[in-house]
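Participant: A predicted structure for the sequence below; I have some questions about it.
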Amino acid sequence: MPPAMDFIYKSMQANRTDRDLEFWMRSMRTAKGAPLADENKTAELDAGVSSRIILTRDPENIKAILTGQFSDYGKGESFHRDWREFLGDSIFVTDGEQWSASRHLIRPMFVRDRLVDTEIFEKHVQHLIPLLAGENGNKVVDVTSLFFRYTLDAATNYLLGDGTDSLQNPETEFAEAFRYVQRRQAQFFRLGVFKFMLSRTEFRRQLKVMDDFIKPYIDRVIAMSPAELDQKHSKSDTFLHALARFTKDRRILRDQLVAVLLAGRDTTAATLSFCLFELARNPEITAKLREEIASRLGVGASAQKPSYADLKEMKYLNAVLNESMRLYPVVPFNVRFSLKDTTLPRGGGPDGLSPVAVKAGSRIVYSTMIMQRSPENYDPPSAPNYFDPAQWKPERWVSGWQPKPWQFIPFNGGPRICIGQQFAMIEMGYTVVRILQAFESVRAVPEIGKSVVEDPRLRFEVTLTPASELNCVFVRDGEGAEHEKVVVS
Ligand code: HEM
């Protein structure tokens with residue numbers, strides 16, 4: 001098999017068996033790197049394709065790509081072309097002027113004044129909580145599908161005004177179409193130059209289902225006069241209204257909506273899923289977090305809702321969220337193309353510490369996940385307050401440890417840093433607090449057919465998602481004794 005086909009085949013196979021992380025770590029170890037370096041932090045992949053592919057987990061290189069040499073690297077025209085049917089010319093897939101105009105257009109929707117309003121999260125978390133308690137006498141719930149429905153409802157509510165309400169109606173056609181399109185897009189991307197081998201018929205049909213769902217909302221804002229749109233500057237103002245004040249171009253409205261939905265929905269859903277599962281298998285950490293919540297806001301029926309300031313100031317809550325994003329960064333791998341002949345600061349020379357020349361059109365694959373899990377970026381085991389980087393340990397964040405600059409970047413960094421970072425932190429913090437105010441504890445339960453709770457298996461699609469069931473039992477105050485009787489069917 002030619003090397004390119006062989007590499008793509010192996011990467012597809014790793015993906016099918018949820019072993020992407022192992023595959024990419026092995027690819028990095030066995031790729032061509034500096035001859036005297038103990039272990040490659042930056043290496044050249046021989047995938048047998050004409051353009052060069054460099055893999056890196058070196059924070060210095062990642063920093064250069066994302067900030068110091070920002071204008072030398074971008075998403076690139078081929079990425080834009082590959083994603084165009086799905087995301088058009090939106091913020092996610094463009095560079096330069098086009099990207100900057102999108103960022104400018106979207107920014108007003110993420111200012112602090114908007115983020116302090118947590119009513120949308122409250123509305124949907126109140127639909128979520130009864131479902132976490134289990135249904136039809138079965139107390140075991142797989143949290144992932146519930147969080148994906150929850151964040152879809154919250155995001156569509158925020159963007160469009162009405163939500164999909166998929167927690168109440170799980171068979172939402174839009175949700176299914178959106179999931180299919182993302183999965184297929186990830187397959188096209190993985191196949192690279194061989195993507196023509198996959199049919200686009202179903203992809204296009206599902207894209208149409210998505211677009212048909214969004215169209216009436218766009219029709220409505222397009223029909224509004226500027227005066228009506230201005231009057232909308234109120235509580236019922238949505239992302240779409242704000243966009244429509246700047247443009248009535250149907251295609252721009254559609255593309256930016258879909259891009260923000262893609263960026264904002266799965267990311268928070270997956271982080272919440274990993275976070276709640278880790279809380280469920282670490283009861284002492286859940287108890288400590290619940291203590292912080294209880295002392296600041298109370299728990300049970302008389303508990304106060306958390307404000308923006310509460311969520312910012314709760315140290316242990318933020319430690320739990322940051323630790324979840326350290327171990328499970330939902331954008332685990334990312335790619336940039338060199339837009340001109342340029343360099344990377346490290347990876348060259350016999351010890352890998354000299355710059356490397358990078359020709360225009362090269363592809364740099366950088367991995368936040370491998371970097372954030374690499375022992376070399378942490379104190380050695382002999383250090384006081386040592387916490388194993390491979391383990392989920394929120395305590396590290398409250399023990400005096402801080403990540404070094406550019407060694408913890410779940411939201412990326414530089415001019416293209418996630419624009420929804422604050423929105424995400426508020427949404428996730430609000431959700432965790434309300435859940436732990438409603439439930440006394442959470443317990444992890446093995447997957448069906450297994451006898452012990454295992455580490456979550458990881459699936460890499462457009463973003464990182466759990467590939468295994470994340471089964472939990474949520475216990476209300478006073479139910480503790482009863483939940484001991486829960487058996488997995
Ligand atoms: C745990 C939650 C989240 C994580 C870890 C995350 C992470 C990221 C990362 C790594 C990027 C950079 C992608 C790249 O440049 O290739 C990004 C970009 C972006 N994110 Fe987030 N994100 C999260 C939630 C959100 C939310 C809730 C929203 C919106 C509601 C959002 C909107 C965006 C947008 C619009 C971009 C594109 C920014 C640009 O290219 O200038 N994200 N995010």
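Facilitator: Yes, it's here.

Participant: is Phe337 in a bridge, and if so with what?
Facilitator: As for beta bridges, Phe337 partners with Gly74, Arg363 under DSSP bridges.

Participant: look up phi and psi at whatever residue of the chain ends up closest to the ligand.
Facilitator: Taking CB to the nearest ligand atom, the ligand has its nearest neighbour within the chain at Gly420, 2.1 Å off. For every residue, glycine as well, the C-beta is placed using N, CA and C. Main-chain dihedrals, Gly420, degrees, to the nearest 10: phi -100, psi 10.

Participant: what's it in contact with, if anything?
Facilitator: Phe110, Val260, Ala263, Gly264, Thr267 (CB atoms under 8 Å, 6 or more residues apart in numbering).

Participant: now tabulate these in JSON lines and tack on pLDDT.
Facilitator: JSON lines is the format used below for the contacts of Gly420 (pLDDT from 0 to 100):
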{"residue": "Phe110", "pLDDT": "89"}
{"residue": "Val260", "pLDDT": "94"}
{"residue": "Ala263", "pLDDT": "92"}
{"residue": "Gly264", "pLDDT": "91"}
{"residue": "Thr267", "pLDDT": "97"}
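
Participant: most widely separated two among these?
Facilitator: Phe110 and Thr267 (14.2 Å; CB to CB).

Participant: between these two, who's got more neighbours?
Facilitator: More crowded of Phe110 and Thr267, by other CB atoms under 10 Å: Thr267, with 25 against 16.

Participant: wait, a strand at the more buried one?
Facilitator: No - judged by DSSP: H, G, I helix; E, B strand; the rest coil, Thr267 forms no part of a strand; its state is helix.

Participant: which residues touch the closest residue in space to Arg183 that isn't next to it in sequence?
Facilitator: Nearest residue to Arg183, sequence neighbours excluded (CB to CB, 6 or more residues apart in numbering): Glu461, at 5.8 Å. Counting by CB under 8 Å, 6+ apart, Glu461 makes contact with Gln182, Arg183, Ala186.

Participant: with Lys404 instead?
Facilitator: Applying CB under 8 Å, 6+ apart, the residues contacting Lys404 are Pro59, Asn377.

Participant: now with 10 Å?
Facilitator: By CB atoms under 10 Å, 6 or more residues apart in numbering, the contact set of Lys404 is Pro59, Asn377, Tyr378.

Participant: show me where the stretch 1-150 of the chain has helices.
Facilitator: Using DSSP state H, counting those that start in this stretch, the helices of the stretch 1-150 of the chain run over residues 3-16, 20-30, 59-63, 77-87, 96-106, 112-115, 119-132, 143-160.

Participant: tell me the helix or strand right after the last one.
Facilitator: Sequence-wise, the next helix or strand beyond helix 143-160 is helix 173-191, with elements assigned using DSSP states H and E.

Participant: what does the chain put close to the ligand?
Facilitator: Residues of the chain lying near the ligand by CB under 6 Å from any ligand atom: 91-92, 103, 260, 263-264, 267-268, 271, 325, 330-331, 334, 410-412, 416, 418-420, 423-424.

Participant: in terms of helices and strands, where is the residue located most distally from the centre of the chain?
Facilitator: In terms of distance from the mean C-alpha position of the chain, Ala227 ranks first, at 37.1 Å (CA atoms, centre = their mean). Assigned by DSSP H and E, Ala227 falls within helix 226-231.

Participant: what residues does that helix touch?
Facilitator: Contacts for helix 226-231 (CB under 10 Å, 6+ apart): Val221, Met224, Ser225, Asp237, His241, Ala242, Ala244, Arg245, Phe246, Lys248.

Participant: repeat that for 7 Å
Facilitator: For helix 226-231, the external contacting residues (CB atoms under 7 Å, 6 or more residues apart in numbering) are His241, Ala244, Arg245.
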